[in-house]
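Asks: How does the following fold in three dimensions:
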Amino acid sequence: MYTVFIKADDGSWSGWTGSFGLQPRIPPNTKVVVRLPARSGTMSLFPNKTSTKGEIILHPGATLQILAQEPRTGRLYAQVTSNSPDIGKKGWIWPLGLHVSEGDSPLLFAPPPK
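Replies: Residues are numbered from 1 along each chain as shown. Alright, predicted model coming up:
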């Protein structure tokens, strides 16, 4: 667990809290890259939030553009943009294992190294 500084989008409050239970808000059009601890790992993009039918398998290095985020669960709606045979497809994905693709950003949605 980490101690993090957070503030309201409207600036009405701010403060420090523990990271347990927090979900980051990811703005639309953010570009992310799939990065997993194991090189042979994969993650899944689901065209339908409530069904695994039509699952799209993403390998490390696949690039996604975030289109929306479900506020209650933190689940992301994204489109595959490169490094995948499924370019153009859209679906739902969890943020764990995604890394912001531009610049040297500190936003990394992965478990802390042991």
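Asks: Nearest residue to the middle of this structure?
Replies: Pro95 (2.7 Å; C-alpha atoms, centre = their mean).
Asks: Where does that one sit: helix, strand or coil?
Replies: coil (DSSP: H, G, I helix; E, B strand; the rest coil).
Asks: Quick check, pLDDT for it.
Replies: Among the per-residue scores, Pro95 holds a pLDDT of 80.
Asks: Same check on the one 5 residues further on?
Replies: Predicted confidence (pLDDT) at Val100: the value is 70.
Asks: Count the neighbours of it for me.
Replies: Per other C-beta atoms under 10 Å, the neighbour tally for Val100 reads 17. To be clear about C-beta, it is placed using only N, CA and C from the backbone, and glycine gets the same treatment.
Asks: next one: Gln65
Replies: Using other C-beta under 10 Å: Gln65 sits among 16 other residues.
Asks: Tell me where this protein has strands.
Replies: Using DSSP state E, the strands of the chain run over residues 3-7, 14-18, 31-34, 43-45, 56-58, 63-69, 76-82, 90-93, 98-100, 108-109.
Asks: can those go into CSV with extra columns for distance to Arg25?
Replies: CSV is the format used below for those (distance: least, C-beta to C-beta, whole Å):
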stretch, distance to Arg25
strand 3-7, 10
strand 14-18, 15
strand 31-34, 14
strand 43-45, 20
strand 56-58, 22
strand 63-69, 6
strand 76-82, 11
strand 90-93, 16
strand 98-100, 13
strand 108-109, 12
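Asks: quick revisit: what's the residue nearest to the centre of the chain sitting at in phi/psi?
Replies: phi -70, psi -20 (degrees, to the nearest 10).
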